[in-house]
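>>> Sequence and predicted structure below; questions after.
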Amino acid sequence: MSSLVIAAEHAHENIADIVPPEGIERQADKASNRIDWQMSTPFVIMHLLGIVGPFFFQFEWKWVALCLGSYYLRMFGVTAGYHRYFAHRSYKLNRFWQFLMAFLAQTTAQKGVLWWAAHHRHHHKHSDLEDDIHSPKLTGFWWSHVGWILSMKYHETEKDLIKDFYKYPELRWLNRNHLVAPVLYGLAIFLAFGWAGLFWGMFLSTVLLWHGTFTINSLSHVFGSRRYVTTDTSRNNFWLALVTMGEGWHNNHHCYMTSANQGFFWWEVDPSYYVLKGLSWVGVVRDLRKAPIAALESKRIVS
């Protein structure tokens, strides 16, 4: 028995010599980055439905209109809700409208509102640095675009980063039950438009919405121009602004992240801000924060 103990101790020492503690930690971290295919099954199924769906439903322009209408309605939930309100607090809502904005955001099936906002705050804290969860500069296009969302590592809500909104029990409930909103939204689409409407207005629209949103994490740090000096690779891109209702002015945003408008100049199209401005006229939205453009001139990149 003693010889077995001695042999085991030598084996342990040999392993420690070959794989130092920091190496073991890196291996564990790499393992946690693996895609959780079981959890990602609905994501894969939605994409498959988006591919095969057109073969089962007759093409009509009204379905295209429904797809786009559903897309941009819910993109507003992403941009004005998940992002500008919950992640950056760029304006104010009362508790009723706050709940409705969170519900609209979660119809996009991009997980809970607290989960989304907390991880986005983490991104800004470490943008394009080693701890950034989706930097295309460090992790490549695939991971920054979609891989990190499907990984085993980022299931949990980072509560410490979202304490200001975590105190609301209704938001915690929505965050825990994040599938309730998309299921109810899909049911409403089905009751109103039938199976064809469900495909165009929910399944295909949602897949397009996912990738439209994801382009800001991936492409907005690669393609476009830079107006301001920032510590990351964020860029402004007109085409991505069209796809995301104004989020494409990403360099502007990283320069002054708490601004409700991300298009700082009149020619920078920002539909999300236009809607927020309209809502402020009827008292739904209050205290829209705007970037002090003159003060930001010191950060302007001189070409």
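Yep, that arrived. Worth saying up front: this structure is predicted, and the values here are computed from it rather than measured. Residues are numbered from 1 along each chain as shown.
>>> any idea how far residue 51 is from residue 278?
37 Å (Cβ to Cβ, to the nearest Å). For glycine as for every other residue, the C-beta is placed from the backbone atoms N, C-alpha and C.
>>> do residue 204 as well
From residue 204 across to residue 51, the span is 9 Å (Cβ to Cβ).
>>> out of these two, which sits in the more crowded spot?
residue 204 (24 against 11; other Cβ atoms under 10 Å).
>>> what's the neighbour count on the spatially closest residue to the more buried one that is not a sequence neighbour?
Computed as Cβ to Cβ, 6 or more residues apart in numbering, the closest residue to residue 204 that is not its neighbour in sequence is residue 50, at 4.9 Å. Other residues within reach of residue 50, judged by other Cβ under 10 Å, total 17.
>>> Can you check the pLDDT for residue 50?
Per-residue pLDDT puts residue 50 at 85.
>>> contacting residues around it?
By Cβ atoms under 8 Å, 6 or more residues apart in numbering, the contact set of residue 50 is 203, 204, 207, 208.
>>> So which of those residues are in helices?
Members of those lying in helices (criterion: DSSP state H): 207, 208.
>>> what sits up against stretch 216-228?
Looking at stretch 216-228 with Cβ under 8 Å, 6+ apart, the contacting residues turn out to be 123, 128, 134-137, 141, 144-145, 232-237, 240, 244, 247-248, 250-252, 254-255, 296, 299-301.
>>> mind redoing it with 7 Å?
128, 134-137, 141, 144-145, 232-237, 240, 244, 247-248, 250-252, 255, 296, 299-301 (Cβ atoms under 7 Å, 6 or more residues apart in numbering).
>>> Buried only: go through those residues for me.
Applying 16 or more other Cβ atoms under 10 Å to those, the neighbour count classes 128, 134-136, 144-145, 232-237, 240, 244, 247-248, 250-252, 255, 296 as buried.
>>> just how off-centre is stretch 99-114 within its chain?
A distance of 11 Å separates the centroid of the chain from that of stretch 99-114, by Cα atoms, centre = their mean, to the nearest Å.
>>> buried ones in that stretch?
The neighbour-count check on stretch 99-114 (16+ other Cβ under 10 Å) flags 99, 101-114 as buried.
>>> what's the answer for stretch 119-136, then?
Neighbour counts over stretch 119-136 (16+ other Cβ under 10 Å) mark 119, 120, 121, 122, 123, 127, 128, 132, 133, 134, 135, 136 as buried.
>>> Contacts only, for the first one.
Each residue near residue 119 by Cβ under 7 Å, 6+ apart is listed here: 133, 154, 158.
>>> What helix or strand is residue 239 located in?
Using DSSP states H and E, residue 239 sits within helix 238-243.
>>> sorry, back to before: could you export the contacts of residue 119 to CSV, including columns for secondary structure, pLDDT and distance to residue 81?
Formatted as CSV, the entries for those read as follows, by DSSP: H, G, I helix; E, B strand; the rest coil; pLDDT from 0 to 100; distance: Cβ to Cβ, whole Å:
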residue, secondary structure, pLDDT, distance to residue 81
133, coil, 84, 20
154, coil, 81, 20
158, coil, 92, 18
